[in-house]
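[1] Let's see this in three dimensions:
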Amino acid sequence: MTERRPRRPWRLARVNPYPANPVYRFSAWGVHLCLSLIGRRQWLDQDKLPASGPVIVCPNHVSRFDPVAVGEFLIWSGRWPRFMAKAELSRHRMSRWIFQASGCIPVERGSMRAVDSLGPARAALEQGDCVVVYPEGSETWDPDLWPMTGHTGAARLALATGAPVVPMGQWGSHRIYPPHRLRRPQFGRVPFQAVLGDPVDLSDLVQERPDHTVLDQATNRIMDSITALVAGLRQEPVPTQRYDRRARRRLPEAGEEAVG
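    Sure thing, here's the model as predicted:
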């Protein structure tokens, strides 16, 4: 793994020339400055993020603070991310403006309309954007905060568009915003870690109309890659089973048929 110091916020235009919305750009500066005060960054293997062209970034999800930490990491790695995010945020008065400014793609979670979000996501990839998909669909419910079973949305996008899937492991945001109110927040300069992996090889699974078996295989490969990166950050062995939210327990094999 290679580590690189974050660039200064006033050099953001040189780091990332994409003509992002001014509100998005201003927010990125503000977030970077705030996290410099409350956090200590360890950013690894940023060079594995393609400098241009379509890419699907798949991080693990441990906290509602994740989009802030993940977004900052990707912006200062050279790309303006577009998150697939729950549609409720686009309707909330406080979050609607940043949702729209950052080009988030709304997802109607828990309904058949979730698949409709793949259309705008596919269009974003076709125009060369960086699309962030949380394969777990929500914050992990694993008691030890390991990645859960994944939904098939990222796999569907990758197999349909040919865009590379870059797995991402991140750790530390849960200390600022503890998940599910099970833990107390930490104060002081909290360490934030993030690392990118090599693109997940799905070439042998490309089909015109992939069935559920193929989608589950692709999703499991993505989740395995993410989990391995998280294990490296935590310096702990990868669990032998993965938590399934539907079953409310860890299962020997991962995979869901839902769209994330």
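
[2] And for the closest residue to residue 248 other than its chain neighbours, the neighbour number?
    Leaving aside its chain neighbours, residue 248 sits nearest to residue 141 (7.8 Å; criterion: Cβ to Cβ, 6 or more residues apart in numbering). To be clear about C-beta, it is placed using only N, CA and C from the backbone, and glycine gets the same treatment. The local packing of residue 141 (other Cβ atoms under 10 Å) involves 14 other residues.

[3] Equivalent analysis for residue 122, please.
    Neighbour count of residue 122, defined by other Cβ under 10 Å: 17.

[4] re earlier: does the residue nearest to residue 248 belong to a helix, a strand or coil?
    Look at residue 141: counting by DSSP: H, G, I helix; E, B strand; the rest coil, its state is coil.

[5] dump the residue contacts of it.
    Shown in contact with residue 141 (Cβ atoms under 8 Å, 6 or more residues apart in numbering): 148, 180, 243, 245, 248.

[6] Next one: residue 177, what pLDDT does it get?
    Looking at residue 177, its pLDDT is 83.

[7] so it touches residue 65, yeah?
    Yes. In terms of Cβ atoms under 8 Å, residue 177 counts as a neighbour of residue 65; the distance is 3.8 Å.

[8] re earlier: phi and psi next, for the residue nearest to residue 248.
    When read as degrees, to the nearest 10, the backbone of residue 141 gives phi -100, psi 10.

[9] mind checking how far it is from residue 243?
    For residue 141, the distance to residue 243 equals 6 Å [Cβ to Cβ, to the nearest Å].

[10] Overlap of the contact sets of these two?
    Common contacts of residue 141 and residue 243 (Cβ under 8 Å, 6+ apart): residue 148.

[11] most remote residue from the chain's center?
    Distance from the centre of the chain peaks at residue 208, with 26.0 Å (Cα atoms, centre = their mean).

[12] What values do phi and psi take at that residue?
    The phi/psi pair for residue 208 (degrees, to the nearest 10) is phi -70, psi -40.

[13] and the gap between it and residue 56?
    Counting by Cβ to Cβ - residue 208 and residue 56 are separated by 19 Å.

[14] just checking, residue 169 touches residue 59?
    Yes. At 7.3 Å, residue 169 and residue 59 qualify as touching, with contact defined as Cβ under 8 Å.

[15] which residues do the two both contact?
    Common neighbours of residue 169 and residue 59 (Cβ under 8 Å, 6+ apart) are residue 226.

[16] Between the two, which is the more surrounded one?
    Higher neighbour count among residue 169 and residue 59: residue 59, with 28 against 24, using other Cβ under 10 Å.

[17] Spatially nearest residue to the more buried one (excluding sequence neighbours)?
    In space, and not counting its chain neighbours, residue 59 is closest to residue 168: 4.0 Å by Cβ to Cβ, 6+ apart.

[18] before we move on, what about residue 120?
    residue 105 (4.9 Å).

[19] and the one you found, how many neighbours?
    By other Cβ under 10 Å, the residues close to residue 105 number 23.

[20] my guess is it meets residue 130, correct?
    No. Under the criterion of Cβ under 8 Å, residue 105 is not in contact with residue 130, lying 11.8 Å apart.

[21] No more questions from me, cheers.
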